[in-house]
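[1] Sequence first, predicted coordinates after that:
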Amino acid sequence: MQKELHDFTLKQTWKKIEEKLWKLLRNNQRINVDAFLSEHGITSDVLAYSKNGRFVSDFQQYIVYLYCLNGEFQKAVDFIRIIADFDCYHGAQRSFSIVGTFISKPKFGLEKAAYINHLHEQFQQSEEWRSYLKTLDYNPFTLDEHCYDKATFAEKPIFYLSKTILSVKKSKCFFTGENLVKGDCVYKVNWNQDEYHYFLESAFEYYPSLKENVYKYENNQYKLTDFSNHFTNVWLNQLFNTNQVTVDLLLDIIVYGYQAPAPYELHDIYNFKDFEESKRQVYEAMGIKYVQLLWILLKCGYEQILLDKIDQYPLYYGITLLVFDYPYLQEQVIKKLNIGGLEETYLLTRKPNMGLKSIKKIADFGRRNLMFLDALSISLQRYEYHLYAAYVYTPYLGNVQWGQHFKGKRGSQFYYFFIYHPEKLPILNECLRKRKLPSGISSGGWSEYVDLDLLYSTIIYYLTVTKQTEDYKYWSDEQVMRKSSVSGDKIKRNVVKLENM
């Protein structure tokens, strides 16, 4: 039978395959699983590509269940091993949602399906399955291979470190467990996770590798191999573990590599139940990982190579390097780009509570420098560092060295460069053309479009400076303005001042 052709980068592809598998399971129908995978073009390469992708976990569990229905337990385990991957976030080997298939209970929504729970119970009670587990030389579903221990973190690359005075009432030294109180002299550290930890200088005595790790961090002397299995991009993790990785190759991936944008829904500004959804990607919102990779190259001491590449790569590459608050790099990039007024204007985007004069200055700079504006637009579209999501962006920029200025959603201030030319940034152009606003599709902190305040303000300011009275009335309606957490009164005051500027 001829293989079906699918685009495995899309959510819809996996959902259609999952529906077929679900029907087979509901009917207790046994199939040749290998033949099914082959007919649908699901090769080992496709599995390797998609294993950390979103929307694929149900497919993975269904395949495991179908193998087990056939009694093909070894194939089920082999499949799990293919899709299992090192979890750089928790520092452990895990097989994602598949772990729950055999050890505890179905999860990620499947626990709500009565049939899946029934099937799970059948396997748990199967003598054949229990006998098979005893034949394994190790349990492939445990987290024992890479323990979440202090020694691991002593060697794990540091993403943020500062010597400071403890400002919280109490805490504990991450490495020694000693109690800490407000006023203690400590190191504040982040390993590219959600939270900061603290440790005392005495920890160096117990963990000599920690002292070496801190030295590498402070002197930009990490090696690329130090980041093996600590990077949140599957392909790059695999690349770091080969002898093929080079700085030139990584930079080519950063500048020209595949990038799926963060998803959003466009809502009618008066009716948020009326929306149209963008295509969902298996690997979406990955651009910020490329910025993180640039940071890694800097921490490995390759700043001069990054600077030398400015003349070889498109303009948007050099502009992207400016995201880091790294004085020497910033100074050299500004010199190489040679755009009058860029340094002073660009730095305004890092200010908290930006005033109208600064907003106007940024907007005027964008209006006078259209080539810069085009390049900035590409940079924002590719790397999306102007968006904010608590669990997608903050851990990678706001919580890393040279990226602290991205805290407080300040990345959104890049919208102001486009006040006079919103057509140059697709999301602004689409909002104005369709009279709609975006919102993130995912829930909670995973939604990259939870913060629309400055996007909305940019639209209002554009309609003001271009004197589009009718559109301004539509967008500035009280019903719409209430959806923004930006003070409606403040926007209106700024509009009046803009008209007189």
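    Nice, thanks for sending it over. What you are looking at is a predicted structure, and each value in this text was computed from that prediction instead of being measured.

[2] For my notes, confirm Asp374 occurs in a helix.
    Yes. Counting by DSSP: H, G, I helix; E, B strand; the rest coil, Asp374 is found in a helix.

[3] And the closest residue to it other than its chain neighbours, how close does it get to Thr349?
    Spatial nearest neighbour of Asp374, excluding adjacent residues (CB to CB, 6 or more residues apart in numbering): Lys424 at 6.3 Å. Placement of C-beta: from N, CA and C, glycine included. Using CB to CB, to the nearest Å, Lys424 is found at 17 Å from Thr349.

[4] ok, the residue nearest to Asp374 touching Tyr415?
    No. The criterion here is CB atoms under 8 Å, and Lys424 misses it with Tyr415 at 11.4 Å.

[5] the more surrounded of the two?
    Tyr415 (27 against 17; other CB atoms under 10 Å).

[6] Just confirm that one contacts Leu376, I think it does.
    No. In this structure Tyr415 lies outside contact range of Leu376 using CB under 8 Å: 10.6 Å.

[7] Now stretch 405-415: buried residues?
    His405, Phe406, Lys409, Arg410, Gly411, Ser412, Gln413, Phe414, Tyr415 (16 or more other CB atoms under 10 Å).

[8] So which of those residues are in strands?
    When the buried residues of stretch 405-415 are checked against strands (DSSP state E), there are no matches.

[9] closest to Leu294 among the residues you listed?
    Comparing the buried residues of stretch 405-415 against Leu294 with CB to CB places Phe406 closest, at 14.0 Å.

[10] In contact with the closest residue to Gly287 other than its chain neighbours, which residues?
    Distance criterion CB to CB, 6+ apart; nearest residue to Gly287, sequence neighbours excluded, is Tyr383 at 4.1 Å. Going by CB atoms under 8 Å, 6 or more residues apart in numbering, Tyr383 touches Gln259, Gly287, Ile288, Tyr290, Val291, Thr320, Val323.

[11] if you look at these, which of them are in helices?
    The members of the contacts of Tyr383 that map onto helices under DSSP state H are Gly287, Ile288, Tyr290, Val291, Thr320.

[12] so which pair among those is furthest apart in space?
    Based on CB to CB, the longest span within the ones in helices among the contacts of Tyr383 runs between Ile288 and Thr320 and measures 11.1 Å.

[13] Looking at these two, which has the bigger crowd around it?
    Between Ile288 and Thr320, Thr320 has the larger neighbour count (other CB under 10 Å), namely 26 against 23.

[14] Per-residue pLDDT of the residue nearest to the more buried one when sequence neighbours are not counted, please?
    Nearest non-adjacent residue to Thr320, counting by CB to CB, 6+ apart: Ser379, 4.7 Å away. Ser379 is assigned 96 on the pLDDT scale.

[15] burial of Ser379, as a residue count?
    With other CB under 10 Å as criterion, Ser379 counts 25.

[16] List the contacts of Asp325.
    Arg350, Trp402, Gly403, Gln404, His405.

[17] so what's the first one closest to, chain neighbours aside?
    The shortest distance from Arg350 to any residue other than its chain neighbours is 4.1 Å, reached at His405 (CB to CB, 6+ apart).

[18] can you tell me how far the one you found sits from Ala151?
    In terms of CB to CB, His405 sits 33 Å off from Ala151.

[19] so where's the stretch 51-200 of the chain shaky on pLDDT?
    51-57, 81, 83-126, 128-148, 193-194 (pLDDT under 70).

[20] Strands of that one, start to end?
    For the stretch 51-200 of the chain, applying DSSP state E, counting those that start in this stretch gives strands covering 85-87, 92-94, 160-165, 170-172, 179-181, 185-190, 197-199.

[21] And for the stretch 351-500 of the chain?
    Under the criterion DSSP E, counting those that start in this stretch, strands of the stretch 351-500 of the chain are mapped to 436-440.

[22] List only those of the contacts of Asp325 flagged as buried.
    By neighbour count, with 16+ other CB under 10 Å, those hold Trp402, Gly403, His405 as buried.

[23] and the nearest residue to Lys223 once chain neighbours are set aside, what does it touch?
    Nearest in space to Lys223, with sequence neighbours left out and distances taken as CB to CB, 6+ apart, is Cys300 at 6.3 Å. Counting by CB under 8 Å, 6+ apart, Cys300 makes contact with Asn220, Gln221, Tyr222, Lys223, Leu224, Asp226.

[24] ok, for the second one, nearest residue in space, not its chain neighbours?
    Closest residue in space to Gln221, ignoring its immediate chain neighbours: Gly301 at 6.0 Å, by CB to CB, 6+ apart.

[25] now the last one
    In space, and not counting its chain neighbours, Asp226 is closest to Pro157: 5.3 Å by CB to CB, 6+ apart.

[26] State the number of residues packed around the one you found.
    Pro157: 19 neighbours (other CB under 10 Å).
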